[in-house]
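Engineer: Below is the sequence, then the predicted model.
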Amino acid sequence: MFAGENFITSKLDDAIGWCRKFSLFQYPFVTACCGMEYMATACSHYDVDRFGAGFPRFSPRQADVLFVVGTISHKMAPVLKRICDQMAEPKWIVAFGVCTCTGGFYDNYATVQGIDTIVPVDVYIPGCPPRPENVLDGLIKLQDRIQQQHGTGIRPVLTPEDRARERSFTV
């Protein structure tokens, strides 16, 4: 800062994080009943657009946030992995609903017991189904993580202990 002149200084990472967190292009991967609550968040009463996440993309190559909404079967798991791999970095993944987070009450041979066994998850939004207020809270937590992330957007490699701690960090 120069004496006598008004300059606002900022770190480049902070500026990039601020821009990224208010321009989220989401890709909805909806497989089950939680999709109704996911869609309710976009309505005018809750207005997810005020958080910069109101414009869904229906191509993973154009999206940077993957909302996995609903139950994931083992047959669907390779499709989810491929969609996640098609997204460009930086990318963030949100587990929406208890079936996505932990398998829910589908504790059987056909259901994936938490998508974090397939793809890295940034925010967990539990509930059956989660209320739109919880979705907005999860979106705010995701924005905070994006703001704190390094400017390159590369996700740090998590150990199993870190993953367990992150999984307990729910909305």
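Structural biologist: Received, thanks. Numbering: from 1, shown residues only.

Engineer: rest of the way, CA atoms for contacts and neighbours
Structural biologist: Will do.

Engineer: Tell me the backbone dihedrals of the one residue sitting closest to the centre of the chain, please.
Structural biologist: Nearest to the geometric centre of the chain sits residue 94, at 2.9 Å (CA atoms, centre = their mean). Here is the backbone geometry of residue 94 (degrees, to the nearest 10): phi -120, psi 130.

Engineer: In contact with it, which residues?
Structural biologist: Contact analysis of residue 94 by CA atoms under 8 Å, 6 or more residues apart in numbering lists 65, 66, 67, 68, 121, 122, 123, 124, 125.

Engineer: do you know how far the first one is from residue 108?
Structural biologist: Here the distance between residue 65 and residue 108 works out to 29 Å (CA to CA, to the nearest Å).

Engineer: ok, now the last one?
Structural biologist: Distance of residue 125 to residue 108, computed by CA to CA: 22 Å.

Engineer: which of the two has more neighbours?
Structural biologist: Between residue 125 and residue 108, counted using other CA atoms under 10 Å, the more crowded position is residue 125 (25 against 10).

Engineer: what's the closest non-adjacent residue to the more buried one?
Structural biologist: residue 96 (4.9 Å; CA to CA, 6 or more residues apart in numbering).

Engineer: Quickly list what that neighbour is bridged to.
Structural biologist: residue 69, residue 125 (DSSP bridges).

Engineer: quick thing: my sequence starts at 74, can you match it?
Structural biologist: In the new count, where the first residue is 74, that last one comes out as residue 169.

Engineer: Touching, it and residue 142? I think so.
Structural biologist: Yes - counting by CA atoms under 8 Å, residue 169 touches residue 142, with 4.8 Å between them.

Engineer: What ranges in the protein fall below the confidence cut-off?
Structural biologist: Along the chain, segments meeting pLDDT under 70 span 74-84, 86, 89-90, 92, 94-95, 223-233, 235-244.

Engineer: Distance from the chain centre to the helix of greatest length in the chain, please.
Structural biologist: In the chain, assigned by DSSP state H, the helix with the most residues is helix 205-221. Mean-position distance between helix 205-221 and its chain equals 8 Å (CA atoms, centre = their mean, to the nearest Å).

Engineer: other SSEs contacting it?
Structural biologist: Counting by 3 or more CA pairs under 8 Å, 6 or more residues apart in numbering; DSSP states H and E, the packing neighbours recorded for helix 205-221 are helix 85-94, helix 108-114, strand 196-198.

Engineer: Alpha carbons of it, in CSV - could you do that?
Structural biologist: What follows is helix 205-221 as a C-alpha-only set of coordinates in CSV (Å, rounded to 0.1, in the frame of the first residue of the first chain):
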residue,chain,number,x,y,z
PRO,A,205,-33.9,-27.1,1.1
GLU,A,206,-32.5,-25.2,4.1
ASN,A,207,-30.0,-28.0,4.6
VAL,A,208,-29.1,-27.8,0.9
LEU,A,209,-28.4,-24.1,1.2
ASP,A,210,-26.4,-24.7,4.3
GLY,A,211,-24.3,-27.3,2.5
LEU,A,212,-23.9,-24.9,-0.5
ILE,A,213,-22.6,-22.2,1.9
LYS,A,214,-20.1,-24.8,3.4
LEU,A,215,-19.0,-25.7,-0.1
GLN,A,216,-18.4,-22.0,-0.9
ASP,A,217,-16.3,-21.7,2.2
ARG,A,218,-14.2,-24.7,1.2
ILE,A,219,-13.8,-23.3,-2.3
GLN,A,220,-12.7,-19.9,-0.9
GLN,A,221,-10.1,-21.5,1.3
